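> With the sequence up front, the predicted model follows.
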Amino acid sequence: MSRIAKAGRCLAALAAALGLTAGATAQEAYPSRTIQMVVPYPPGGNTDLMARALQTELSKALSQTVVIVNRGGAAGAIGDAELARARPDGYTIGLSPNNPLTAQPHLQQLSYGVDSFRYICLVYDNPQVLVGGRNAPFNDMAGMLKTARSGEEALVFGTPGQGSTQHILLAALLRLAKTDGLHVPFTGAGPMAQAAMGGQIMAFVESPSIPAATGLPVLAVFGANRLANLPQVPTTQELGLPVLGTSAGGLVAPAGLPDAAARVLEQACETAVKSDGFRVAAERLNSVPAFLSGRAFQERFQAESRDTQRLLQELGLGRQ
């Protein structure tokens, strides 16, 4: 073989090697295609509204399209179970509130637990409020309790599922007040709010974004302090029934997500949560942006899971 021919073969081999290297590098770049964000509730609820508020800013921060996929049912457990089974490649993530992760595994036999996910970042931490239904026979919490005591199942209240954060808070409130009511579960906050607007239920508990979006009256705040954007609404502590609670949520991914992808997502999440666009959208929903890193986010939910397990046992709701 001539020297020229040998040189040609070497150059061809080098070009092929460089091509392979470039191809491998391009494949490794993350993200290189659309990312799905699973929301474990139907459209219209607080989690869905917060996901859509985050969606635009997260897409900007990642320079990639993020699309929302709603998977409602079983108080968020169906969507989170689907997320836990997804391929841990960074192209399927989820925005989940605390309850499906910290409460539902203690209420029903599930294929996942609080440790079945890679925690990316906390996104929001919303106080919960007591909301009255349209045409309800009361206009404050005292009136609601009076209705509840007027007869068996006289108070008809809704929740986004058995053992949801909202169910736990209202059950604890009624238990402390030594009364009860008729519990009507829904697949999520959206359908529940529609039922309240239609007069099918008298009261429910949710994040302030729901009454802000529907115009339904807020009767009390489940906290120690009044909310700045609802200064006229008393707290449960002021009213003598100190049941406190929030609905916090953030980005999670299937366990096994590579560290490199997790770092990209966490950095983009922090940028999105701290952006003016997300802050304005959250304020419009009466919601509270709250960033925590993946590690701090995970530690918070692990601790909450342990506390919730004890509370559920006390309320007689826990899985035996």
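Nice, thanks for sending it over. Because the structure is a prediction, the values reported are computed rather than measured. Numbers count the residues shown, from 1 in each chain.

> can you give me the helices for the stretch 51-200 of the chain?
77-85, 98-102, 141-149, 165-176, 189-197 (DSSP state H, counting those that start in this stretch).

> Deepest-packed of those, please.
Among the helices of the stretch 51-200 of the chain, helix 98-102 has the highest mean neighbour count (mean count of other CB atoms under 10 Å), at a mean of 27. Glycine gets a C-beta too; all of them are placed from N, C-alpha and C.

> For this structure, which segments are assigned as strands?
All strands of the chain, identified by DSSP state E, fall at 35-39, 66-70, 92-97, 117-127, 129-132, 156-159, 182-185, 203-206, 218-221, 246-254, 289-293.

> what's the closest of these to Q194?
Q194 lies closest to strand 156-159 among those, at 10.1 Å (CB to CB).

> Strand partners (parallel or antiparallel) of the closest one?
Paired neighbours of strand 156-159 in the sheet (DSSP bridges): strand 182-185 (parallel), strand 203-206 (parallel).

> buried sites along it?
Residues of strand 156-159 classed as buried by neighbour count (16 or more other CB atoms under 10 Å): V156, F157, G158, T159.

> Put together JSON lines for those residues, with distance to R319 on each row.
Formatted as JSON lines, these follow (distance: CB to CB, whole Å):
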{"residue": "V156", "distance to R319": "26"}
{"residue": "F157", "distance to R319": "23"}
{"residue": "G158", "distance to R319": "23"}
{"residue": "T159", "distance to R319": "18"}
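
> okay, how far is it across stretch 122-134, tip to tip?
Length of stretch 122-134, first residue to last, CA to CA, to the nearest Å: 33 Å.

> average pLDDT for it?
In this model, stretch 122-134 carries a mean pLDDT of 94.

> could we number from 43 for the rest of this?
Fine by me, first position is 43 from now on; the one you just mentioned is stretch 164-176.

> was I right about Q97 contacting V111?
No: taking CB atoms under 8 Å as the definition, Q97 is not a contact partner of V111, at 11.4 Å.
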